[in-house]
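Asks: Predicted model and sequence below, questions to follow.
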Amino acid sequence: MSGTDTFQAGPLRDLSLYFGGDINTKNTAFDPRKRSLTLGLQLAFDVPGYFNVAAALYKEWNHNGIVPLIGYPPGNYEWVDFNPTAAFEAQYMQPMSFTGIPLRFSGFTNVILPKGNDGFGVRRSRSC
């Protein structure tokens, strides 16, 4: 964030501002046409390859093509505006040099907490 080693301590290599977004453009009657913004802080750890984790504010809007067709709930618009929520993300890459060939294990994981009511105005809860 500052271009110095100010945030380097123990296994922590850096602290940075994290920003991202998603825009889908599929053009059908029921496609989600998702739009989202993510803003938060990311920690980078001092490991071979990289391991970064982020905690962020997440905001999403998307499209629900069924609501205007069935008219329920009355007055509901086909664009759904979700509540802001928290998101947690991790990006990682580990070189597998022990194999003697240039292999890497890498991936991306994100968890988005509940965003409020669905496109029909109903709060959904999960059960296990």
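Replies: Thanks, I have it.

Asks: contacting residues for the closest residue to Asn24 other than its chain neighbours?
Replies: In space, and not counting its chain neighbours, Asn24 is closest to Lys34: 4.6 Å by CB to CB, 6 or more residues apart in numbering. In this view, the C-beta of every residue, glycine as well, is placed from N, C-alpha and C. Going by CB atoms under 8 Å, 6 or more residues apart in numbering, Lys34 touches Asp22, Ile23, Asn24, Glu60, Trp61, Asn62, His63.

Asks: and the residue of the chain positioned farthest from its centre, how far is that from Met93?
Replies: In the chain, the greatest distance from the average C-alpha position (CA atoms, centre = their mean) is reached by Gly100, at 34.6 Å. Distance, Gly100 to Met93, using CB to CB, to the nearest Å: 18 Å.

Asks: swap in Asp22?
Replies: Distance, Asp22 to Met93, using CB to CB: 22 Å.

Asks: centre of the chain versus the longest strand along the chain, how much separation?
Replies: When the chain is scanned for its longest strand (criterion: DSSP state E), the result is strand 50-63. Using CA atoms, centre = their mean, to the nearest Å, the mean C-alpha position of strand 50-63 is found 3 Å from that of the whole chain.
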